[in-house]
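Participant: okay, here's the prediction I keep looking at, along with the sequence it came from:
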Amino acid sequence: MTIVPTTCSTAPRPRRGNAFAGIAAALALFLIALGAAAAPAKDALSSDDKACLQCHARPDLEKTLGDGRQLSLAIAPRAFANSVHASSGCDGCHSDIDLKTHGKARQAIASRRAFALAQMETCRDCHQKTMRQYEDSVHSALVRAGSDKAPLCTDCHDPHTTRSSREQASGQAQALPCRNCHQAITLAFAQSVHGKGGDEALVCTDCHRTHDIKPAGVGDGLRSECLSCHKDAASTHAQWLPNAPRHLEAVSCPACHSPGTTRRVNLRLYEGATPQPAGRVGVPTFVKLPDAAGAGSGLDARALWSMLQEFNREAGKGKIALRGRLEVQTGVQAHQLAAKSLALSDCDTCHRQGAASFQSVTISMAGPDGLPLRRDASSGVLTSIESVRAVGGFYAIGSTRIWLLDVLLALSLAAGILIPGTHLAMKLYFKRRRERGQPAHAAGPAGGESDNRR
């Protein structure tokens, strides 16, 4: 009787083991198939591409350029097979190569930079919209201005290994090519609230876009990027900050959210009824403007007013004006954003006489390449009576104190009180005199009048 349950209990075990084995085998086959789909082998390439790679797969394949440097011609087959350009094949970008003479006739290439510039026209064949965005960027403006450091297509994208934008979007900020040129900023950003990861993690392209990158110092574009995520900024600031809309307009976000940094007042030239950053108008005047206040001290109030007059003669009366903005001094500081709890909230930081934030003043406008042109100004332009017409749009109570305006304000207040007070006193005085003289005339106005008539 004891044998029956033993037999029944042991009978299912072989079947369970077979089931586990079957599941494991199926999972292994699935992973192998998934790996094969995710990582195409060299066999996925066309026969023409394989023919090219017979030479170009050699890691030591190089070409000596006109400047004496070496250009690597090696291409990793698997990386190319996994790239977005694999479907186009080699001749998709190198259709100018004649296979009959390729490798036999010498082709002169002046430098890597010259080769990369020439190849950008090949990129345009497929990426027309992207190229239009790039040509409207600060990077392209620098290229046109002759910079040999401004990034070209191949500085950010290796055409033989480029993956899809979706795959690239899953990477971290450190994986982006921005750090190749902006190392100090990348390091500062990595330690910021947006660079440490978590719910507030961002990458460069979240704020600066990918191809149509604008100059950070011109316009209000980056503030708009902040507000695109922090949509409740106006309402939350209004809970504790007096005149919050004016502060959000005249103070850049990093000026308060990057504590410990140095700040400056930047007076930016704007034009038009709807203020836009002033561009080419007045650029030669701005660049050649003499330092009227003496070497090293920057533009004084009189020179600033003269400059505005000169610009308005070129652009039309009243079109050019100044708008002040409190900013941090450097791009590195602008990326050192701290947690919200560490943001400056002490009004005395700015609203006190001699505040450090108002000791550094610059004048700026957009240059021909889109980058801001800056001139130092003396801190006195914010407190001089001669600057009233120039910087009337920027006044910080308790900090940019113009003493003569204070005197005039006191006099106007005194006059506002004294004149009505004097008028009231005179009115009461004459009223009392009339009241004292009333009994003499009250004997009967009618009778008096009749006596006079008689």
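Facilitator: It's in.
Participant: quick one, strands of this protein?
Facilitator: Taking DSSP state E, the strands of the chain run over residues 62-64, 70-72, 263-271, 276-277, 320-328, 361-366, 372-377.
Participant: which one of those has the lowest average pLDDT?
Facilitator: If you rank the strands of the chain by mean pLDDT, strand 276-277 sits at the bottom with a mean of 67.
Participant: any weak-confidence spans in the stretch 1-150 of the chain?
Facilitator: Counting by pLDDT under 70, the stretch 1-150 of the chain contains low-confidence residues at 1-43.
Participant: can you give me the helices for it?
Facilitator: 3-10, 13-38, 47-56, 77-81, 112-126, 128-135, 138-144 (DSSP state H, counting those that start in this stretch).
Participant: who does the closest residue in space to R325 that isn't next to it in sequence bridge with?
Facilitator: Nearest residue to R325, sequence neighbours excluded (CB to CB, 6 or more residues apart in numbering): N266, at 5.3 Å. (Each C-beta comes from the backbone N, C-alpha and C, glycine too.) On the basis of DSSP bridges, N266 is bridged to R325, T362.
Participant: is it correct that N266 is in contact with F358?
Facilitator: No: in this structure, N266 is not within contact of F358 by CB atoms under 8 Å, at 11.5 Å.
Participant: what about R313, neighbour count?
Facilitator: Per other CB atoms under 10 Å, the neighbour tally for R313 reads 12.
Participant: quick one: residues contacting it.
Facilitator: Counting by CB atoms under 8 Å, 6 or more residues apart in numbering, R313 touches no other residue.
Participant: what residue spans form the domains of the chain?
Facilitator: 43-96+106-170, 171-213, 216-404 (automatic domain parsing).
Participant: first-to-last residue distance for stretch 94-114?
Facilitator: The first and last residues of stretch 94-114 sit 16 Å apart, counting by CA to CA, to the nearest Å.
Participant: give me the contact list for it.
Facilitator: Contacts of stretch 94-114 (CB under 8 Å, 6+ apart): C55, K63, L65, G66, D67, R69, L71, D91, F115, D148, L152.
Participant: which of these are buried, as a PyMOL select command?
Facilitator: Buried residues among the contacts of stretch 94-114 (16 or more other CB atoms under 10 Å), as a PyMOL selection:
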select buried, resi 65+115+152
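Participant: quick one: residues in contact with stretch 69-80.
Facilitator: Defining contact as CB under 8 Å, 6+ apart, one finds that stretch 69-80 is touched by 39-42, 45, 49, 53, 56-65, 86, 109, 111-112, 115, 160-161.
Participant: filter those to the buried ones?
Facilitator: Neighbour-count burial (16+ other CB under 10 Å) applied to the contacts of stretch 69-80 gives P40, L45, D49, L53, H56, A57, L65, A86, R112, F115, H160.
Participant: right, and the fourth one touches S47 too?
Facilitator: No: using CB under 8 Å, L53 is not in contact with S47; the gap is 10.7 Å.
Participant: ok, back up a step: any idea which of the buried ones among the contacts of stretch 69-80 is closest to H351?
Facilitator: Checking the buried ones among the contacts of stretch 69-80 against H351 with CB to CB, the nearest one is R112 at 53.6 Å.
Participant: thinking again about what came up before, taking the buried ones among the contacts of stretch 69-80, tell me the two that lie furthest apart.
Facilitator: Using CB to CB, these reach their maximum pairwise distance at P40 and L65, which is 32.3 Å.
Participant: can you redo the contacts of stretch 94-114 as JSON lines with distance to A105?
Facilitator: What follows is the contacts of stretch 94-114, written out as JSON lines (distance: CB to CB, whole Å):
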{"residue": "C55", "distance to A105": "15"}
{"residue": "K63", "distance to A105": "13"}
{"residue": "L65", "distance to A105": "16"}
{"residue": "G66", "distance to A105": "16"}
{"residue": "D67", "distance to A105": "21"}
{"residue": "R69", "distance to A105": "21"}
{"residue": "L71", "distance to A105": "17"}
{"residue": "D91", "distance to A105": "18"}
{"residue": "F115", "distance to A105": "17"}
{"residue": "D148", "distance to A105": "29"}
{"residue": "L152", "distance to A105": "26"}
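Participant: for the contacts of stretch 94-114, which one is nearest T422?
Facilitator: Nearest to T422 out of the contacts of stretch 94-114 is D148 (CB to CB; 74.6 Å).
Participant: spit out the contact partners of the closest one.
Facilitator: By CB under 8 Å, 6+ apart, the contact list for D148 reads R113.
Participant: tell me the contacts of L61?
Facilitator: By CB under 8 Å, 6+ apart, the residues touching L61 are C55, S72, L73, A74.
Participant: can you put those residues in JSON lines and add distance to T330?
Facilitator: JSON lines is the format used below for those (distance: CB to CB, whole Å):
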{"residue": "C55", "distance to T330": "48"}
{"residue": "S72", "distance to T330": "36"}
{"residue": "L73", "distance to T330": "40"}
{"residue": "A74", "distance to T330": "40"}
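Participant: what's the spacing between I385 and E314?
Facilitator: I385 sits 27 Å away from E314, going by CB to CB, to the nearest Å.
Participant: and the longest helix belonging to the chain, which residues are buried?
Facilitator: For the chain, the longest helix by residue count, based on DSSP state H, is helix 403-441. Buried residues in helix 403-441, counted by 16+ other CB under 10 Å: none are found.
Participant: tell me what it is packed against?
Facilitator: Of the remaining helices and strands, none touches helix 403-441 by 3 or more CB pairs under 8 Å, 6 or more residues apart in numbering; DSSP states H and E.
Participant: what's the average pLDDT for it?
Facilitator: Average pLDDT, helix 403-441: 74.
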